[in-house]
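Asker: compute the structure for the input listed below.
(chains A and B)
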Amino acid sequence: MTATALGLLLVALILSSCGEGARETGGARPVQDLEAVDPYGQEVVFWYQHTREREEALAEMIQEFNASNEHEIRVHGEFAGRYGDIYNKMMVGLQGGELPTLVVAYQNQARVYNTADGVVDLSPYMVSAKWGLSAQERADFFDTFIAQDRHGDKQLGFPPNRSIEILYYNQDWLKELGFDGPPASWEDFAIMCRAAKETPFTGNDDPSRSLGFVLDEDASRLATQVFSRGGSFMGADHSTYTLDTDAVQQSLTLMRDLAAEGAVELMGEPYGDQTEFVGGRSLFVLRSSSGLLFVQAAIDEGIGFSWNVAPPPHSTVKPVVNFYGASVSMCPSTPEEQLAAWLFLKWFTEPAQQARWVRASNYFPVRKSAAAQLDDYFAENPRYQQVFKLLGYGKAEPSAVGYEAVRRLISQAVVKALQSGEITVITGELERQANASRDEL
Amino acid sequence: MVAIRSLGNCLTYAGLSVAAIVAGFPFVWMILSSFMTRGETVRRVLVPDSLQLSNFITAWSEEDFGLYFANSVIIALLQVSATLLFCLMAAYALARIRFPGREVVFVVILATLMVPETVTMVPNFLIVSWLHEHSPMGWLNNWPALTVPFMASAFSIFLLRQFMRGVPYELWESARIDGAGHLRFLFQIVVPLCRAPLLTVGMFTFIGSWNALGWPLLVTNSPTWRPISVGLQKFVTEAGPEIHLQMAGAVIATIPVLVVYGLIQKEFTEGISMSGLKG
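Answerer: Below you'll find the predicted structure:
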């Protein structure tokens, strides 16, 4: 059974049984006077998804926090699987009462937890005179990142980092094809993809396979294309899904047509689009900016070619980039433990820690002033700096409850579009299903 | 007539050869990839230029693989031993002892086969959580949560029962004349006869335990008792997979299964065919 199906079943099971007495922890205990709470000696459990270098760096930072904080708070970082695994673990934990103090969660996931009183509103902590953020500190955060985690008057998560989706391109191959630079518009993109199909890259070990682009059916890839055409996945009031629009139809039509010509292919394996790009078999890939170093290493150890990154092609006046990233949500516990968890979050998002986390993870910081401490990193990683400048053009995907299910519908629609082709029928049905799924919740 | 038979044989062997290649290719690919550099996995070469034995050292040393491996061995041994014991006794009772409601009990056990594992995950977790809080020994983050819920299996009971029904009644009568009760008859007469299906059940249980991922992730939060499947997952980063290391880890993880299967291959096949499960 796939992780997707597993997730769906768990959500259905748990939401259906979230009645009275379903949960021992029963939501956060109200904090009467936050200023009087003493976090001394509290233990904080933090579930995350990081592995390898990022996990090592995070562990070092946690160790430093544990050794240096004046309240002798002890944070225990625990790898809890990938995002989907953590979500399942949380959904089951909401029933059994086994929850961490902090958990990595996408915005829509935090909203689902919120429906079962599984997350704590961080607003009181943020504005607390004693423990919160000063006005200057608050202004230092990228507003859009903080706003992503807001739900009504509640702050359901706090962003430790973000990424944006960018276009990676094979510079050498583009030159071989006679192009000066990356595509500015989707029309240019199509022309370049067709050219790549006809003329394989000279560094490609397998010239029989030459593509312009490998399309990952993931909803974020479609969101990038739609945003760059001025579209959106939800209406301005965030109440209904808008998936039967010109922007969605144009995006799918272009991909379908290019696929029919053999210039674009649907991704057949996890990370297959990236693998084809670093292998010199695909001219472009749309991926997260956090993968810059991974792509660099894979190209250097592989066939080695010049590459660069650019904002996705766009028909808007200025580029619009899809930004995303999981935040950290707090689960209900005692006021003391919650405060301790907040103090760790606050420490982690201080500019010095942010700069350190950027170096380890290649994510974007959430504090503007962190950039001042990254001059050497920018110099060493000019592509990162280039992408960093795009932060101001970010637009986020919906964070509505149930968006997880809509993402799956979108993926299915992308596959259908590339296989069967009647785009208006597919987008019409997609919008209907997405809104029906929202209505059910 | 001979020509037609030869042609039939040729077609059969051709079909089987294709099936063998299709089934075996992923395995061969895993082994070859485990010896490659990351660059070679990216270039999708089929055979590595030189054997990167360092992948195995890295895979073993970097992600607590030794600990995960040991955990998997302990968990699998506990689960196999307990499953064999409990399923053997349940199957014997259902096959050889007449008691009121026997058929109903058997049907209920069979019905549980129709319930997907995912559906039982939440109730299982709630039970384990309750036991964790109400028993002197912690269940979560410990071996009981990883083994006890899987110490009996409807499929294993069914498989053993099917075989035991074929044990001649005369053997039981002879044993009774010699003064044997059910337990003695079971362990001294039936078990030696059931070697093949028991090994089959053991093999299935071992593989199931060895490959489990979702449940161990749910009930453990630290590496102390996490199995090797969790270790393998750590070679996939958010930015992309380190295929060469992941495959090296997968080869290490596959070796015990292959060794066990190699040792009991004959009995395994026999067990499947004798219990009436063959296609």
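
Asker: where in chain B is pLDDT low?
Answerer: Applying pLDDT under 70 to chain B flags the ranges B:1, B:271-279.

Asker: find the centremost residue of it, please.
Answerer: For chain B, the residue sitting closest to the mean C-alpha position, by CA atoms, centre = their mean, is B:I207 at 2.2 Å.

Asker: setting aside sequence neighbours, what's the nearest residue to A:V406?
Answerer: Excluding its sequence neighbours, the residue lying closest to A:V406 (CB to CB, 6 or more residues apart in numbering or on different chains) is A:A434, at 4.6 Å. Where C-beta positions appear, they are placed from N, C-alpha and C, glycine not excepted.

Asker: separation between that neighbour and A:Q249?
Answerer: 15 Å (CB to CB, to the nearest Å).

Asker: and the helix or strand hosting B:R184, what's buried?
Answerer: For B:R184, the element it lies in under DSSP states H and E is helix B:182-184. By 16 or more other CB atoms under 10 Å in any protein chain shown, the buried positions in helix B:182-184 come out as B:H182.

Asker: what's the first helix or strand after that helix?
Answerer: helix B:191-193.

Asker: contacts for that next one next, please.
Answerer: Surrounding helix B:191-193, the residues in contact under the criterion CB atoms under 8 Å, 6 or more residues apart in numbering or on different chains are B:L88, B:V167, B:L198.

Asker: out of those residues, which are close to chain A?
Answerer: Filtering the contacts of helix B:191-193 for proximity to chain A by CB under 8 Å from any CB of the partner chain leaves nothing.

Asker: OK, contacts around the residue lying closest to A:S290 once chain neighbours are set aside?
Answerer: Spatial nearest neighbour of A:S290, chain neighbours left out: A:S163 (4.3 Å); criterion: CB to CB, 6+ apart. With contact taken as CB under 8 Å, 6+ apart, A:S163 is in contact with A:S288, A:S289, A:S290, A:F323, A:Y324, A:G325, A:Y363, A:F364.

Asker: which single one of those residues is nearest to chain B?
Answerer: Distances from chain B to these, taken as CB to the nearest CB, are shortest for A:S290 (6.0 Å).

Asker: surely the closest one is in contact with A:W357?
Answerer: No - with contacts counted by CB atoms under 8 Å, A:S290 stays clear of A:W357, the gap being 11.3 Å.

Asker: still on that earlier bit, chain A versus the residue nearest to the centre of chain B, what's the distance?
Answerer: 17 Å (CB to the nearest CB, to the nearest Å).

Asker: B:L46 belongs to a helix?
Answerer: No - membership of B:L46 in a helix is not supported by DSSP: H, G, I helix; E, B strand; the rest coil, which gives coil.

Asker: and it, how many neighbours?
Answerer: A count of neighbours around B:L46, defined by other CB atoms under 10 Å in any protein chain shown, yields 10.

Asker: with B:T83 instead?
Answerer: When counting by other CB under 10 Å, one arrives at 24 neighbours for B:T83.

Asker: what strand or helix carries it?
Answerer: helix B:65-96.

Asker: what sits against residue 243?
Answerer: In the absence of a named chain, this looks at chain A. A:F233, A:I410, A:A413, A:T427, A:L430, A:E431, A:A434.

Asker: could you do chain B instead?
Answerer: B:S33, B:M36, B:R38, B:T41.

Asker: if we use 10 Å, what do you get?
Answerer: A:271, A:275, A:298, B:30, B:33-34, B:36, B:38, B:40-42, B:235-236, B:250 (CB atoms under 10 Å, 6 or more residues apart in numbering or on different chains).

Asker: got phi/psi on A:L34?
Answerer: phi -60, psi -30 (degrees, to the nearest 10).

Asker: now A:S185, nearest residue through space, not along the chain?
Answerer: A:P313 (5.2 Å).

Asker: follow-up on the earlier one: more neighbours: which of A:A434 and A:Q249?
Answerer: Between A:A434 and A:Q249, counted using other CB under 10 Å, A:A434 has the larger neighbour count: 27 against 20.

Asker: tell me which element that one falls in.
Answerer: Using DSSP H and E, A:A434 falls in helix A:423-440.

Asker: which strands and helices sit next to that helix?
Answerer: If contacts are counted by 3 or more CB pairs under 10 Å, 6 or more residues apart in numbering or on different chains; DSSP states H and E, helix A:423-440 sits against helix A:246-261, helix A:403-419.

Asker: can you point out the buried residues in the longest one?
Answerer: Read it as helix A:403-419. A:403-411, A:413-414, A:416-418.

Asker: same check, this time on stretch A:47-56
Answerer: Under 16+ other CB under 10 Å, the buried positions of stretch A:47-56 are A:W47, A:Y48, A:Q49, A:H50, A:T51, A:R52, A:R54, A:E55.

Asker: hmm, back to that, which secondary structure elements does the helix or strand hosting the residue nearest to the centre of chain B sit against?
Answerer: Taking DSSP H and E as the definition, one finds B:I207 inside helix B:195-211. Contact here means 3+ CB pairs under 10 Å, 6+ apart; on that basis helix B:195-211 packs against helix B:65-96, helix B:154-164, helix B:228-233, helix B:243-274.

Asker: return the most buried member of the ones you listed.
Answerer: Neighbour counts (mean count of other CB atoms under 10 Å in any protein chain shown) averaged over each of the helices and strands packed on helix B:195-211 peak at helix B:228-233, with a mean of 24.

Asker: can it be said to contact chain A?
Answerer: Yes - under the criterion of CB under 10 Å from any CB of the partner chain, chain A is reached by helix B:228-233 at B:V230, B:Q233.

Asker: just how off-centre is that helix within its chain?
Answerer: 16 Å (CA atoms, centre = their mean, to the nearest Å).

Asker: equivalent analysis for stretch B:232-251, please.
Answerer: With CA atoms, centre = their mean as the basis, the mean position of stretch B:232-251 lies at 22 Å from the chain mean.

Asker: now swap in stretch A:250-258 and tell me
Answerer: The answer for stretch A:250-258 is 24 Å, by CA atoms, centre = their mean.

Asker: give the contact list for A:S210.
Answerer: Counting by CB under 10 Å, 6+ apart, the residues that A:S210 touches are A:173, A:195-201, A:204, A:262-263, A:276, A:280-283.

Asker: at 8 Å instead, please
Answerer: When contacts are counted by CB under 8 Å, 6+ apart, A:S210 touches A:A196, A:K197, A:E198, A:T199, A:P200, A:F201, A:N204, A:R281.

Asker: what subset of the residues you listed is buried?
Answerer: Buried among those (16+ other CB under 10 Å): A:A196, A:K197, A:P200, A:F201, A:N204, A:R281.

Asker: what about these, which are in helices?
Answerer: Of the positions in these, A:A196, A:K197 sit in helices, assigned by DSSP state H.

Asker: and the buried ones among the contacts of A:S210, which two are furthest apart?
Answerer: A:K197 and A:N204 (12.3 Å; CB to CB).

Asker: how close does A:A36 get to chain B?
Answerer: Taking CB to the nearest CB, one finds A:A36 at 31 Å from chain B.

Asker: pLDDT score assigned to that residue?
Answerer: What the model reports for A:A36 is a pLDDT of 91.

Asker: show me which residues of chain B sit near chain A.
Answerer: Counting by CB under 8 Å from any CB, chain B sits next to chain A at B:37-40, B:42-45, B:62-63, B:116-119, B:121-122, B:125-126, B:129, B:140, B:214, B:217-218, B:221-222, B:230, B:233-242.

Asker: after the helix or strand of chain A with the lowest mean pLDDT, which helix or strand is next?
Answerer: Across the helices and strands of chain A, mean confidence by mean pLDDT, DSSP states H and E is lowest for helix A:3-16: a mean of 47. The helix or strand immediately downstream of helix A:3-16 is strand A:43-48, counting by DSSP H and E.

Asker: just checking, what packs against that next one?
Answerer: helix A:52-68, strand A:74-79, helix A:83-96, strand A:102-105, helix A:335-348 (3 or more CB pairs under 8 Å, 6 or more residues apart in numbering or on different chains; DSSP states H and E).
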